[in-house]
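>>> my questions are about this predicted structure, shown below with the sequence.
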Amino acid sequence: MKNIQIIDMTLKESAARTDNTLSFKEKLAVARQLDRLGVACIECPQLADAKTDGLLVRTLASVLKESALSIPVGLTCESVKDAYAAVSGAQHPRLVVAVPTAAAQMEYVSHVKPAAMAGRISELVACAKSLCKDVEFSAEDATRAERSFLISAVRAAVEAGATSVNICDSAGVMLPTEFSALINELYAAVPALAELEVFVQCANEMNMAVANSFAAAACGAVGIKTSVGGTVYPRLDAVAQVLRLRGEVMGMTSRLSMTEFKRAMKQLWFADPQAARSTEARQPAAGEEKPEVALNAMSTLSDVVEAVKAIGYELSEEDAAKVHEEVQRMAKMRGVNENELDAIVATVALAVPPTYKLVDYVINSGNIITPTANIRLERRGEVLQGLSSGDGPVDAAFRAVERITGHHYELDDFQIQSVTEGREAMGNALVRLRSNGKLYSGKGVSTDIIGASIRAYVAALNKIVFEEK
């Protein structure tokens, strides 16, 4: 399987916007969350002020554990040195030599003639390479550049020591077939590219950025640039969705932790302009009371059915009645919110005879080993075994179950919480799987949260198998 690196530009993209500026604390929160998710690289904006912007970059460098931290260097050797001074404290620093390659951009933005730009590229890349072993050359507006110049620019960067090359469709007007043809032409014209990492950065002007990115990946590119908000470039969740649903077919995978992905995206709502505006619109005005929880003791069966539909389930009349009864029981003490309603559906609705039963499991995990899971399930008296590794113990366990069943289902949501207190606290896990567009939920309870997660996954799996027989 080919590993696709995700290079996230959320911080860089937010710096160019005026509608959704992020605070210093929010920028750190974005970086930490993306680092935990397994994003390969987090890209900062170019330094506008070496003192104030440099403080942010140095702070980011100190908090990242796995992700590389990259920063554009500007068009002078002095700016290269300033950029490296800011990013040098990172575990994996990267300098990005980003220059325009279309004639109009070179002359009117950078005030450099094409003939002089190739020499400037060599100079900047060599300067960056003398300071940092990881240097990316980014060919901005590459799809509108003269093809001969683009090839010479890439060749100059490679010869000067670039370790990766980024090809930008800044206009966002190419079709996937055209973009893949460009990537193939560059590989043919610059054979040394085969020894380097090639990234792509596709604008979403025609809503084709994700398709163009994976078309390039099919031709040899190993990195896709994204952002959480995705107002200009591919959305991170859209790229992750393609990898989750079609990655195996395409022979592609990534380091993204899919089991934590949806929860992480919810926590990063403030970095998404659309989500931020929507959240602000839902906030009560000053002096207004906050909206009540979803359901209460006065909720009718119709209210419950509508609330259940809102979170993605379709229930039979019998199951809807069971959920309504449980809601009424809980509502005698207090209201029922969305998460609690989800747990009720998982517990009392869609009950089916178990096709799979958990026999036992062994999980190996630690900070210096790749987590692995060895799980045994029983089906019709036969014990089946699955062994897999993953991004974490829960991800490894879910993958092991998939090995047993031979099917991959989209993990729509995964939640864990403590039911009781103390060292022997009971853990409650809720898993929602999607199959053929429908949601199936399962709940598991155990003093071992990994065991609770496996039981919840198997419970949801049994509902899918029963209905699709």
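Happy to help now that I have it.

>>> where does the stretch 1-150 of the chain have low pLDDT?
Along the stretch 1-150 of the chain, segments meeting pLDDT under 70 span 17-20, 50-52, 109-110.

>>> cutoff 90 now
By pLDDT under 90, the low-scoring segments of the stretch 1-150 of the chain are 1, 13-29, 47-56, 58-59, 62-63, 65, 74-75, 102-118.

>>> which residues in it form helices?
Secondary structure of the stretch 1-150 of the chain (DSSP state H, counting those that start in this stretch): helices located at 10-15, 24-37, 52-63, 77-87, 103-108, 114-131, 147-160.

>>> dump those helices into CSV; add mean neighbour count and distance to E248 as well.
Yep, even glycine has a C-beta here, placed from its N, CA and C like the rest. Below are those laid out as CSV (neighbours: other C-beta atoms under 10 Å; distance: least, C-beta to C-beta, whole Å):
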stretch, mean neighbour count, distance to E248
helix 10-15, 22, 27
helix 24-37, 18, 20
helix 52-63, 17, 33
helix 77-87, 20, 35
helix 103-108, 15, 39
helix 114-131, 19, 37
helix 147-160, 19, 32
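
>>> nearest to V345, of these?
helix 24-37 (27.5 Å; C-beta to C-beta).

>>> ok, residues contacting that closest one?
Helix 24-37 is contacted by residues 8, 10-11, 14, 22, 42, 56, 59-60, 63-67, 228, 256-257, 260-261, 264, 267-268, 270-271 when judged by C-beta atoms under 8 Å, 6 or more residues apart in numbering.

>>> same check on stretch 83-98?
The contact list for stretch 83-98, computed with C-beta under 8 Å, 6+ apart, reads 41, 43-44, 46-47, 50, 53-54, 57-58, 60-62, 64-74, 80, 121, 124-125, 128, 131-132, 134-138, 140, 157, 162, 166.

>>> how about a cut-off of 7 Å?
41, 47, 54, 57-58, 61-62, 64-65, 68-74, 80, 121, 124-125, 128, 131-132, 134-138, 140 (C-beta atoms under 7 Å, 6 or more residues apart in numbering).

>>> so how far is that stretch from its chain's centroid?
Mean-position distance between stretch 83-98 and its chain equals 23 Å (C-alpha atoms, centre = their mean, to the nearest Å).

>>> let's have the chain start at 14 instead
With 14 as the first residue, the last one maps to stretch 96-111.

>>> quick check: end-to-end length of it?
Using C-alpha to C-alpha, to the nearest Å, the end-to-end distance of stretch 96-111 comes to 13 Å.

>>> three-state assignment of the closest residue to G457 other than its chain neighbours?
Beyond its immediate neighbours in the sequence, the residue positioned closest to G457 (C-beta to C-beta, 6 or more residues apart in numbering) is R468, lying 3.0 Å away. Secondary structure, DSSP: H, G, I helix; E, B strand; the rest coil: R468 is helix.

>>> how many other residues sit next to R468?
Neighbourhood size, R468 [other C-beta atoms under 10 Å]: 21.
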